[in-house]
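**Q** Return a 3D structure for these sequence lines:
(one chain, ligands or ions: 1)
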Amino acid sequence: MPRPIFHTPTEEIVLKEYPNTLNTPELVAEITRWVHGTGHKPAHTRPAMATCRDDTQQDMIRVLEAFHYLPAFNAHTLAGLPRGGKTPLTAFYHHIPDEGLGVIIYGPHVGIDSEGKWGMVERHHRKNPGHSCGALWGVYELWSQGDEGPYTDDPEMTAISEELLAYKEEIMQEQQETSHPVRKMAEFVYEKGLEMLKTRIQTLQAQDTEQHPILLVAGLNIDQRFDDNNKFDLREITLFSQGKQVEQHHYGKIQ
Ligand SMILES: [Zn+2]
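**A** Model prediction:
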């Protein structure tokens, strides 16, 4: 029986839906096992954080430092949707040490507050729970008012709406009592963004004069009350080398 990592009732609800969820140190330990498996060391490995800009996502950087990784490259976007074009990934790639390894930690996020409400989270020194992911909420609320974008002076929100619009009907129908459309949006961002990243990594490795292996760590971040140590539903780790997927593990549900 795994030890509880959420407050109740969040524990029962989240672990029923995402039983594979890890604490951040457990996640970084698993990443480190892979790093060693490729013959590298954390001190010679450049991580990149490809998660939402939300402060609930930042604790992982402290844990990576505690495991002696190099300082993390900031590849944050609103909602974690990797729509920054090719330059951010290329810049990260050129910061990987000679003969070193790159690790991209990718995942959108969704909160669940202490009453068990999806898409919400209590934040420090704020009386009422707030939205998580706020960017996905923003698009959801604009859609609810019939506004599908583009949104003036808001390129990242426009990008989120564009990517998810094909799934709008399915998203809006998501049950609000036991789940939420914003949670469904996070799941679609995960799928779409994962494919984008895989394509970009392989194209970059195939075309760039430098050669560095990259580990892509993918999952869904789950925020809970006063979340200084967010949780990660780890779904897959893939190793890319010379423009190809050379190793992959899908993390099944731990019963
Ligand atoms: Zn967010």
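**Q** The residue of the chain most remote from its centre: what secondary structure?
**A** Seen from the C-alpha centroid of the chain, the residue lying at the greatest distance (Cα atoms, centre = their mean) is Thr209, 28.5 Å away. Following DSSP: H, G, I helix; E, B strand; the rest coil, we place Thr209 in the coil state.
**Q** who touches it in this structure?
**A** Taking Cβ atoms under 8 Å, 6 or more residues apart in numbering, we find Thr209 in contact with no residue. Yep, even glycine has a C-beta here, placed from its N, CA and C like the rest.
**Q** Can you tell me how far it is from the ion?
**A** 35 Å (Cβ to the ion, to the nearest Å).
**Q** Could you point out the bridge partners of the most centrally placed residue in the chain in the sheet?
**A** Closest to where the C-alpha atoms of the chain average out (Cα atoms, centre = their mean) is Gly107, at 1.1 Å. For Gly107, the beta-bridge partners are Thr51 (DSSP bridges).
**Q** Quick check: it touching Asp223?
**A** No. Between Gly107 and Asp223 there is no contact under Cβ atoms under 8 Å: 11.4 Å.
**Q** buried residues in the lowest-mean-pLDDT helix or strand in the chain?
**A** The helix or strand of the chain with the poorest confidence is helix 10-17; it has a mean of 80 (mean pLDDT, DSSP states H and E). Across helix 10-17, burial judged by 16 or more other Cβ atoms under 10 Å covers Thr10, Glu11, Ile13, Val14, Leu15, Glu17.
**Q** Which of those residues sits closest to Asp98?
**A** Closest approach to Asp98 among the buried residues of helix 10-17 (Cβ to Cβ): Val14, at 41.5 Å.
**Q** can you give me the offset of stretch 218-232 from its chain's centre?
**A** With Cα atoms, centre = their mean, to the nearest Å as the basis, stretch 218-232 stands 10 Å off its chain's centre.
**Q** which helices and strands sit right next to the helix or strand where Ser161 lies?
**A** According to DSSP states H and E, Ser161 maps onto helix 155-164. Helix 155-164 is packed against helix 134-144, helix 181-207, with contacts defined by 3 or more Cβ pairs under 8 Å, 6 or more residues apart in numbering; DSSP states H and E.
**Q** distance of the nearest residue to Asp223 once chain neighbours are set aside from Pro47?
**A** Leaving aside its chain neighbours, Asp223 sits nearest to Gly111 (4.0 Å; criterion: Cβ to Cβ, 6 or more residues apart in numbering). Per Cβ to Cβ, to the nearest Å, Gly111 is found 24 Å from Pro47.
**Q** which residues sit in contact with Gln173?
**A** Pro181.
**Q** Among the helices and strands packed on helix 155-164, which comes closest to the ion?
**A** The ion sits nearest to helix 134-144 of all the helices and strands packed on helix 155-164, at 4.9 Å, using Cβ to the ion.
**Q** between the closest one and helix 181-207, how many degrees?
**A** Angle of helix 134-144 versus helix 181-207, following axes from the mean of the first three to the mean of the last three Cα atoms, to 10 degrees, is 120 degrees.
**Q** for helix 134-144, which positions count as buried?
**A** Gly134, Ala135, Leu136, Trp137, Gly138, Val139, Tyr140, Leu142, Trp143.
**Q** ok, now stretch 36-52?
**A** For stretch 36-52, a neighbour-count test (16+ other Cβ under 10 Å) marks His40, Pro42, His44, Thr45, Arg46, Pro47, Ala48, Met49, Ala50, Thr51, Cys52 as buried.
**Q** hang on, the earlier thing: got a list of what the residue nearest to the centre of the chain touches?
**A** Applying Cβ under 8 Å, 6+ apart, the residues contacting Gly107 are Ala50, Thr51, Gly80, Tyr190, Ala218, Gly219, Leu220, Asn221, Phe232.
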